[in-house]
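Participant: okay, sequence plus prediction incoming.
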Amino acid sequence: MQSISRVVADRGCSSVAIVGAPASGKTHFLREIRRHVGADSEKTVVYGPVTASTFLESDAFRTQFIEWLAFEGLLARQPDLEACLAAASQALFWSHIADCLNLRLKRVILVEIDEVCNNGRGPAPLYDLFTQLRKFCNEWQDDRLGVHFVSCGNWSRAELNTLCDRYMTSWPFVRNDSLFVLPDLTLDETRAWLSNKSGITGFRDLHSQYLWEITEGDNSMVSQILAGLEPGKLTCDRLYAEAERLVCSEAYRDQLRGQVEKLDQLGRQFLFTLLSGQFIDCQKHQHAWEQLLLTGLAREEQTEGLRFLRLKNWAIESALRHHWQSYSDLLQGSVYDQYKEFVPPITCLNRDAYGFICEIENLLRNLAVQRLYLYAGDKHPLASVFCSADSGKPIQSEYDRAAAWRTKTLGNPYVDTHLALTSYSQTKHLREWIDRLIDRFNDPLCTNLSTLRSDMSGFNDIRDAVTHNQIISETSYDTLLLIRNKLYRALVS
């Protein structure tokens, strides 16, 4: 979106193409361009979207466009319709428009062209459209009016490139300058969509992150999950259940089959490669890259100069596995079809939980060492603390035990140089420190933590789950929030 806005702001004319899979939100993207570009400049007006077939029928497009300008009150005088229709080129037509436009109101026009696709007629219409637009951009030099075109659709760049070679014309686009792959929904867009879902209560930002991760922002998938979501209190479990219902449904099985059928034999082989747990190098396999992107079965990622394809999202991978036998005539080979044995790429619950755990533990460790200091005399605060020992091991003071553990880590490049002894005591021992301060010393500050005792066993279970990368529940998430809030209240004087 930002790239297109910069093109419109910086250039007198341009032709930008957006390519996306079916049902990937191309029409929504065009609406967002209209809103975004219009907000950037009061002098910019957006026309469309008009279908590619209508745009190529020049008389129909020109007539409708002039009527729209008149309806919007943007004309200083009425153009000569006969001269406009007879204009031999786009540049001549737009010159007539510039002569008649009220330039005090608008100085930039952006035309949105939708449904740019082969439609079974091969790449010839695409070639006509894009060469016509490129010719215009090369010819247009009227600084009174900026004219820009954004074309959106699902078409094969390989086929168009073949036709360009046949007619000995150069490729009309520059990647990431005038040709873009349609971006998936952002987290903010997913959040807005979910929060506006009617009948839903209890929405929290966590839910939008969960939905975004399980779909990777796939417009079609988000739409279908929200469509099936019944009114009521929203939870991560409900979102997962609806996504899983969709994955297992016959309707979604048939939808995916239609996408797989669009792949040729090589594309299907590469889809099998992705289901085997591998990624595909975009540079080496341009043909597979394009097919899998355009069918919406894969997404591209970039890191450290490497561009690679991976399966689009958890839902698509799970559905392909679950319905594998239904695709046996299209996809050859054997894959493990028990999709529940594959961990979903959900990090939001554990990521936030890890932050809560670190904060809770660090607050408790620092509080405990400060309070133990008051009763330690001239010793280290941990020197007089003896906690339960592991089976078969002698009882040691917390000071000796932590110091021995810390000594083992010295020189380890993966351990931070900030080596507080308290961080080398186990969480279960930390709980015993707090118990000691409450029960033996009747410490007035730690006594405020008495209500936390019953919650800390749950804390340990959640901590273990996060440590082992087991996706926790929303209940666990809320338990950590409860513990943190109780800790805050206990520490407020």
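Facilitator: Received the coordinates, thanks.
Participant: this protein - how does it break down into domains?
Facilitator: Domains of the chain are assigned by automatic domain parsing as 2-181, 187-248, 251-341, 348-491.
Participant: okay, and the nearest residue to Ser423 once chain neighbours are set aside sits in which element?
Facilitator: Closest residue to Ser423 apart from its sequence neighbours, by C-beta to C-beta, 6 or more residues apart in numbering: Arg365 at 6.8 Å. C-beta here means a position set from N, CA and C on the backbone, and glycine is covered the same way. Secondary structure assigned from DSSP states H and E places Arg365 in helix 348-373.
Participant: packing partners for that helix?
Facilitator: Contacting helix 348-373 under the criterion 3 or more C-beta pairs under 8 Å, 6 or more residues apart in numbering; DSSP states H and E are the following elements: helix 205-215, helix 427-439, helix 453-467, helix 474-491.
Participant: buried residues in the helix or strand just after that helix?
Facilitator: Using DSSP H and E, the next helix or strand after helix 348-373 towards the C-terminus is helix 398-409. Buried residues in helix 398-409, counted by 16 or more other C-beta atoms under 10 Å: Glu398, Tyr399, Arg401, Ala402, Ala403.
Participant: which residues are contacting helix 398-409?
Facilitator: Contact with helix 398-409 is made by 379-380, 382-383, 385-387, 396, 415, 419, 421-422, 424-425, 429, 433, as judged by C-beta atoms under 8 Å, 6 or more residues apart in numbering.
Participant: over to stretch 166-176?
Facilitator: Here stretch 166-176 makes contact (C-beta under 8 Å, 6+ apart) with Ser3, Ser15, Ala17, Tyr127, Phe130, Thr131, Leu133, Arg134, Asn161, Cys164, Ser178, Leu179.
Participant: can you rerun that using 10 Å?
Facilitator: Stretch 166-176 is contacted from outside by 3, 15-17, 19, 123, 126-127, 129-135, 137, 157, 160-161, 163-165, 178-181, using C-beta atoms under 10 Å, 6 or more residues apart in numbering.
Participant: in strands, which of these fall?
Facilitator: The strands, defined by DSSP state E, take in Ser15, Val16, Ala17, Val19, Leu179, Phe180, Val181 from those.
Participant: mind putting the residues you listed into a markdown table with pLDDT?
Facilitator: Output for the ones in strands among the contacts of stretch 166-176, formatted as a markdown table (pLDDT from 0 to 100):
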| residue | pLDDT |
| --- | --- |
| Ser15 | 90 |
| Val16 | 90 |
| Ala17 | 90 |
| Val19 | 88 |
| Leu179 | 85 |
| Phe180 | 84 |
| Val181 | 83 |
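Participant: farthest-separated two in those?
Facilitator: Farthest apart among the ones in strands among the contacts of stretch 166-176 by C-beta to C-beta are Ser15 and Val181. That separation is 16.6 Å.
Participant: Phe270 and Leu292, how far apart?
Facilitator: Going from Phe270 to Leu292 by C-beta to C-beta, to the nearest Å gives 6 Å.
Participant: ok so, going back, now do the helix holding Arg365 against helix 398-409, angle only.
Facilitator: 130 degrees (axes from the mean of the first three to the mean of the last three C-alpha atoms, to 10 degrees).
Participant: go through helix 348-373 and flag the buried ones.
Facilitator: Those would be 348-350, 352-354, 356-357, 360-361, 364-365, 367-369, 371-372, for helix 348-373 by 16+ other C-beta under 10 Å.
Participant: that older thread, so Phe270 and Leu292 - more neighbours on which side?
Facilitator: Per other C-beta atoms under 10 Å, whichever of Phe270 and Leu292 has more neighbours is Leu292, with 28 against 22.
Participant: name the nearest residue to the more buried one, sequence neighbours excluded.
Facilitator: Per C-beta to C-beta, 6+ apart, closest to Leu292 is Ala298, 3.8 Å.
Participant: ditto for Cys282
Facilitator: Leaving aside its chain neighbours, Cys282 sits nearest to Arg307 (4.0 Å; criterion: C-beta to C-beta, 6+ apart).
Participant: many thanks, we can stop here.
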